[in-house]
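> need a 3D model of the following:
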Amino acid sequence: MRSLQLRYMKTMFWSSFFMLTVTTSCAQENNEAVVKIPTDMKTINTVPFLTEQGDFIYVDKAHLKPISAARYKMASVFTVTGFAVVENASDRYAVIDQLGKTVLDFSTGEIDLNVVNGITFYKREREYQKKMPFWRWEWNILGGGIQKEQTYHSIEIGVLESKQTLVNQEIPYLEDSYYLNFIAVDRQRVFWNASLYEINNKRLKKVAHHIVEVLEDQRFVKMDKTGFSIYNTNSKKPIHKALLGTETLTIEFGKEEISLNDINKERFAPELPKLLVDSDKGDVYVFPQYDKVFPREIKSATAAQIDFLKKTSLIYSIADSPYFLLGIFNYDHDVWAYDWLYIDTDGNLIDRVDTYNFKVLDQLGNMVWPDRKMIIPDEFVGEGWKFGKVNTYREMDGWYLIRIENGKQQRSIGLWNSNQMIWELPPVYRDISVLDAKKQIYALQNTAENTYILYDHKDKKRIGFQAYSSINSDGLVRLVEDSGDILYFYIDIYSGREYREHKNL
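Here you go, the predicted structure:
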């Protein structure tokens, strides 16, 4: 059961304000694929079922009849492509299909799956101690002995459907690893491990490499000898070339030349600078989409706006709009957030703009822009309220999870609708977990309780009668019984039906 617990912890969701990331459409929030690619989803009628003996079998959802006699120590739900990861009593892992047939043989390596563009990618990883040649022994000069072994990882990554192997390597524990962070560029291409691949018959063919970032509109940034170049996936010629990184901007206002230094400066230099300047034309393209040229002169501004501009330390390009975001971090203890101003491509400074479905997040996924006052204006704020982290998710369409501390220093969270300026769920909960944003299925934890209940917000009703220590979006729950025993099993988050065998039956 420990393996199931670890796998559960790995699936739980989600730094400072100085390390920010950006999402530029619903399809990009939470660092997901750049474009939303529809896949041919299979109908999954099979679920893992916890038996009275404490192991798992797979049953059909409708009648809970076993599909095979196989029993597992751990079992995952099936992917939309029809595969699941299982663990046997010998702590070995494998992948099976919906008929129970083994697709990836049992081994000691843990397995993760990720579905992109209708293809199931797998990663099998095993940690072991490798004996080293004597010239690589580590000698302890304080007399602690000789370390003759080093920790290594055996990593295999491939495609289940075609059995294509993309990586099969043994690497030292402290060196860079490989991840299943495949990104769909369009239906026929994926980006992974700094390369662009074309898909043909469930197999991948590398068509470009040295890629540092995938952008919207089927564009990507590539590093070469001249610096950086921006390409479209359908053309071999770059859209922009000979781009160099910079942290300095110069902009004219009348006869005055304003120099902005240390723009978008980070503690560690990013692989792709957030400002790219065309070494031939002098045009500056701005993170995150590098989609338009920053203006070279100010055409319209007040004295206060010019003063703000001179202090600017953060500049982002707001995608699908003519605007750029200008930020100054306010270190006041009562604020501790960014102040904002905007400039359009014509050089007009503006105090306010629409949000354009554009979000700036910190490294933990917490909202930085739009900020709290843009989301929930002061007239809707209770007396003595202080605000904590603000989050949103894909398909929430202007709804935000907002953490609050009231005048009595009591902390809670609520769900705010910024379109209608109302609380969809009042800020009275200890925690709210989004299980299905589109269908508005949430796990709610009351401030006086340590357990979660399922809640259907569309129908405004609780789902089922059981409460759990935790509920995951795939239905995996943690239940502490009256005896103190801890159970992990699956439920249907839409009906509350439990897939387990009760001991009193």
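
> by mean pLDDT, which helix or strand of this protein comes out lowest?
Using mean pLDDT, DSSP states H and E, helix 2-11 stands out as the lowest-scoring helix or strand of the chain, at a mean of 43.

> chain center to stretch 431-443, what's the gap?
Distance, stretch centre to chain centre, for stretch 431-443: 16 Å (Cα atoms, centre = their mean, to the nearest Å).

> and it, what's buried?
For stretch 431-443, burial by neighbour count (16 or more other Cβ atoms under 10 Å) applies to 431, 432, 433, 434, 435, 437, 440, 441, 442, 443. Every residue, glycine included, has its C-beta placed from N, CA and C.

> wait, residue 213 touches residue 270, no?
No - under the criterion of Cβ atoms under 8 Å, residue 213 makes no contact with residue 270, lying 9.7 Å away.

> more neighbours: the two, which one.
Comparing residue 213 with residue 270 by other Cβ atoms under 10 Å, the one with more neighbours is residue 213, at 21 against 13.

> ok, now which ones touch the more buried one?
Residue 213 makes contact with 220, 221, 272, according to Cβ atoms under 8 Å, 6 or more residues apart in numbering.

> any idea how far residue 299 is from it?
31 Å (Cβ to Cβ, to the nearest Å).

> before we move on, what about residue 109?
In terms of Cβ to Cβ, residue 109 sits 61 Å off from residue 299.

> these two: who's more crowded?
residue 109 (18 against 14).

> how many residues are close by the closest residue to the more buried one other than its chain neighbours?
Distance criterion Cβ to Cβ, 6 or more residues apart in numbering; nearest residue to residue 109, sequence neighbours excluded, is residue 126 at 3.7 Å. When neighbours are defined as other Cβ under 10 Å, residue 126 has 15 of them.

> and residue 126, what is it in contact with?
Residue 126 neighbours (Cβ under 8 Å, 6+ apart): 107, 108, 109, 110, 153, 154.

> for it, what is the enclosing helix or strand?
strand 119-131 (DSSP states H and E).

> could you dump that strand to CSV, C-alpha only?
The C-alpha trace of strand 119-131 is given here as CSV (Å, rounded to 0.1, in the frame of the first residue of the first chain):
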residue,chain,number,x,y,z
ILE,A,119,-0.3,8.6,-27.9
THR,A,120,0.6,7.0,-24.6
PHE,A,121,4.1,7.8,-23.5
TYR,A,122,5.6,5.8,-20.7
LYS,A,123,8.6,6.3,-18.4
ARG,A,124,10.1,3.4,-16.5
GLU,A,125,12.7,4.3,-13.9
ARG,A,126,14.8,2.2,-11.6
GLU,A,127,17.3,3.4,-8.9
TYR,A,128,20.2,1.2,-8.1
GLN,A,129,23.8,1.2,-6.8
LYS,A,130,26.5,0.9,-9.4
LYS,A,131,30.0,-0.3,-8.7
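
> mind listing what's buried in that strand?
In strand 119-131, counting by 16+ other Cβ under 10 Å, buried: 119, 120, 121, 122, 123, 124, 125.

> okay, the fifth one: pLDDT?
In the predicted model, residue 123 carries a pLDDT score of 97.

> who touches the top strand by length along the chain?
Criterion DSSP state E: the longest strand present in the chain is strand 422-436. The contact list for strand 422-436 (Cβ under 8 Å, 6+ apart) reads 13, 393, 396, 399, 401-402, 404, 411-417, 441-447, 449, 452, 454, 457, 471-473, 493-494.

> coming back round to it: out of the buried residues of strand 119-131, which is nearest to residue 276?
residue 121 (30.8 Å; Cβ to Cβ).

> if I look at residue 357, how far off is residue 370?
Counting by Cβ to Cβ, the gap from residue 357 to residue 370 is 10 Å.

> who has more neighbours, the two?
With neighbours defined as other Cβ under 10 Å, residue 357 and residue 370 compare such that residue 370 has more, 21 against 18.

> the more buried one: what's it in contact with?
So residue 370 contacts 355, 359 (Cβ under 8 Å, 6+ apart).

> which strands border the longest strand of the chain, and is each parallel or antiparallel?
Partner strands for strand 422-436, per DSSP bridges, with pairing direction: strand 411-417 (antiparallel), strand 441-446 (antiparallel).

> output it as PDB, restricted to C-alpha atoms.
Extracted in PDB, the C-alpha atoms of strand 422-436 (Å, rounded to 0.1, in the frame of the first residue of the first chain):
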ATOM      1  CA  ILE A 422     -20.400  37.100  -6.400                       C
ATOM      2  CA  TRP A 423     -19.100  34.200  -4.200                       C
ATOM      3  CA  GLU A 424     -20.000  30.900  -5.900                       C
ATOM      4  CA  LEU A 425     -18.700  29.300  -2.700                       C
ATOM      5  CA  PRO A 426     -18.400  31.600   0.300                       C
ATOM      6  CA  PRO A 427     -15.000  31.900   2.000                       C
ATOM      7  CA  VAL A 428     -15.900  29.600   4.900                       C
ATOM      8  CA  TYR A 429     -13.900  26.500   3.900                       C
ATOM      9  CA  ARG A 430     -10.500  25.300   5.100                       C
ATOM     10  CA  ASP A 431      -9.700  24.100   1.600                       C
ATOM     11  CA  ILE A 432     -11.400  23.700  -1.800                       C
ATOM     12  CA  SER A 433     -10.000  21.200  -4.300                       C
ATOM     13  CA  VAL A 434     -11.000  21.400  -8.000                       C
ATOM     14  CA  LEU A 435     -11.700  17.900  -9.200                       C
ATOM     15  CA  ASP A 436     -13.500  18.800 -12.500                       C
END
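
> so for that strand, mean pLDDT?
On average, the pLDDT along strand 422-436 is 96.

> so what's the gap between it and the chain middle?
That offset, for strand 422-436, works out to 20 Å (Cα atoms, centre = their mean).

> show me where the stretch 401-505 of the chain has strands.
For the stretch 401-505 of the chain, the strands defined by DSSP state E, counting those that start in this stretch cover 411-417, 422-436, 441-446, 452-456, 461-468, 470-471, 476-480, 486-491, 498-499.

> TSV for those strands, including distance to residue 311?
Putting the strands of the stretch 401-505 of the chain into TSV (distance: least, Cβ to Cβ, whole Å) gives the following:
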stretch	distance to residue 311
strand 411-417	31
strand 422-436	34
strand 441-446	41
strand 452-456	45
strand 461-468	49
strand 470-471	44
strand 476-480	48
strand 486-491	52
strand 498-499	57
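
> closest to residue 67 out of those?
Minimum separation from residue 67 across the strands of the stretch 401-505 of the chain (Cβ to Cβ) falls at strand 498-499, 13.1 Å.

> now find how far off-centre that closest one is within its chain.
Taking mean C-alpha positions (Cα atoms, centre = their mean), strand 498-499 and its chain are 28 Å apart.

> direction included, what does that strand pair against?
For strand 498-499, pairing defined by DSSP bridges yields strand 486-491 (antiparallel).

> which residues sit against the partner strand?
1, 4-5, 8, 47-50, 77, 454, 464, 469, 471, 474-481, 497-500.

> can you check stretch 222-230 too?
Applying Cβ under 8 Å, 6+ apart, the set of residues contacting stretch 222-230 is 208, 210-212, 215, 219-221, 231, 238-245, 272-273, 276, 279, 285, 290.
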